[in-house]
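S.K.: Structure of the sequence below:
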Amino acid sequence: MVRRLEGIGAAVEAERAGEVFFAVDGLRGIHGGDSAGVLASARRALGAGPLLGLGPTRLGAFLDARGVRPPVPVPVLVGRLGAGSGRSAGATAGKAAGDLVVALERLGVKTLEDLAGISADQMADRFGALGLAALRLARGEEEPLRPRQPHEDLAEQIELPEGTAGRQLDRALALLVDRLLAAPARRGRTLLGLRLGAVLAAGGSWSVDQGLGRPSASARVLRTVLTPRLQTLPGPATALRLRALGLGPPDADQLELAVGGEEPRRRRLGAAVREVRVTQGSEALLKILPVDLDSRVPERWATLTPFPEL
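M.R.: Alright, predicted model coming up:
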């Protein structure tokens with residue numbers, strides 16, 4: 001569920017089994033321009049099973065997903081206080097939240113609206129820290145979301161025909177670089193390092209790590225630093241693979257600069273390419289890459305590769 005939501009660009013908080021939260025603010029522009037478009041994309045990604053809700057807070061989204069409308073009864077706080085605003089809690093915390101709800105109902109506090117009208121001093125005096133936590137939930141006061149840091153295995157591999165060498169090997173590397181940069185899991189972030197590897201025809205494997213010095217998502221820069229590494233291959237290879245060793249922040253690539261307004265235009269085009277890929281998939285924008293123009297087999301003259309983000 002988490003990975004599918006991250007596939008539409010969501011930054012997901014997942015701290016309890018079976019329950020996740022994500023902000024829609026940064027997703028509206030690429031999913032129809034409004035929250036309804038974001039929810040529709042999330043529904044397509046998740047399928048018909050999970051419940052989806054929209055609200056200004058975790059509690060609001062939780063209640064909306066279950067169709068709970070005002071007035072909201074205070075017993076809903078039992079599960080939410082046990083979660084500690086998203087954190088897993090044990091049976092002790094759940095029992096304390098249940099005792100708090102029982103005490104509130106005995107005092108005539110039946111709904112969250114009733115609870116929100118009580119002063120913080122009164123709640124602190126009577127119920128302590130747990131009472132203040134309940135009051136904050138009732139008033140819609142929650143901590144910001146804490147999205148998890150994804151740990152995707154960002155890697156690509158291409159099978160090589162027998163006898164691949166020289167310029168053909170360079171073309172295979174260019175194809176790998178394009179595919180790696182076009183992978184949806186990258187989500188526009190820069191790369192910090194790469195591992196170039198190969199499956200050797202004689203058996204075994206070979207790999208070499210390549211740092212970039214500074215974060216980059218430039219296909220030209222990556223090809224420039226990796227191409228010389230191909231000369232150290234110990235023998236013919238049957239497959240070539242490329243793996244990202246680390247992901248940096250987005251929009252931090254400053255290794256290719258131009259004058260006369262070209263740099264802002266390049267960045268706008270790159271953002272447009274990323275937006276199309278998020279909504280239509282990694283194969284939505286392709287270009288023709290020459291492979292072996294001297295081959296007698298037409299299918300080996302060229303191949304399609306993901307269009308660069310510029």
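
S.K.: what bits of the protein have low per-residue confidence?
M.R.: 82-93, 150-152, 163, 251-264, 267, 271, 274-282, 309-310 (pLDDT under 70).

S.K.: Select the longest strand from it.
M.R.: strand 237-250 (DSSP state E).

S.K.: hey, C-alpha coordinates of that one in PDB?
M.R.: Output in PDB follows, covering the C-alpha atoms of strand 237-250 (Å, rounded to 0.1, in the frame of the first residue of the first chain):
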ATOM      1  CA  ALA A 237      29.900  -9.400 -20.900                       C
ATOM      2  CA  THR A 238      26.400 -10.800 -21.400                       C
ATOM      3  CA  ALA A 239      24.600  -8.100 -19.400                       C
ATOM      4  CA  LEU A 240      25.300  -4.600 -18.100                       C
ATOM      5  CA  ARG A 241      23.700  -3.100 -15.100                       C
ATOM      6  CA  LEU A 242      23.600   0.200 -13.300                       C
ATOM      7  CA  ARG A 243      22.600   0.900  -9.700                       C
ATOM      8  CA  ALA A 244      22.100   4.100  -7.800                       C
ATOM      9  CA  LEU A 245      24.200   4.100  -4.500                       C
ATOM     10  CA  GLY A 246      22.400   7.100  -3.000                       C
ATOM     11  CA  LEU A 247      19.700   9.700  -3.800                       C
ATOM     12  CA  GLY A 248      20.200  13.400  -3.200                       C
ATOM     13  CA  PRO A 249      17.700  16.300  -3.100                       C
ATOM     14  CA  PRO A 250      15.700  17.200  -6.100                       C
END
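
S.K.: Partner strands of it, with direction?
M.R.: Under the criterion DSSP bridges, strand 237-250 sits next to strand 155-159 (antiparallel), strand 189-200 (antiparallel) in its sheet.

S.K.: Which residues outside that strand are in contact with it?
M.R.: When contacts are defined by CB atoms under 8 Å, 6 or more residues apart in numbering, strand 237-250 is touched by residues 153-160, 162, 164, 169, 172-173, 176-177, 180, 186-201, 206, 209, 215, 226. Glycine gets a C-beta too; all of them are placed from N, C-alpha and C.

S.K.: Burial check on the closest residue to residue 191 other than its chain neighbours, number of neighbours?
M.R.: For residue 191, ignoring the flanking residues on the chain, the nearest one in space by CB to CB, 6 or more residues apart in numbering is residue 244 at 5.2 Å. Residues within reach of residue 244, counting by other CB atoms under 10 Å, total 23.

S.K.: Quick one: classify the nearest residue to residue 45 once chain neighbours are set aside as helix, strand or coil.
M.R.: Excluding its sequence neighbours, the residue lying closest to residue 45 (CB to CB, 6+ apart) is residue 4, at 4.3 Å. Secondary structure state of residue 4, per DSSP: H, G, I helix; E, B strand; the rest coil, is helix.

S.K.: What separation do you get for residue 4 and residue 126?
M.R.: 44 Å (CB to CB, to the nearest Å).
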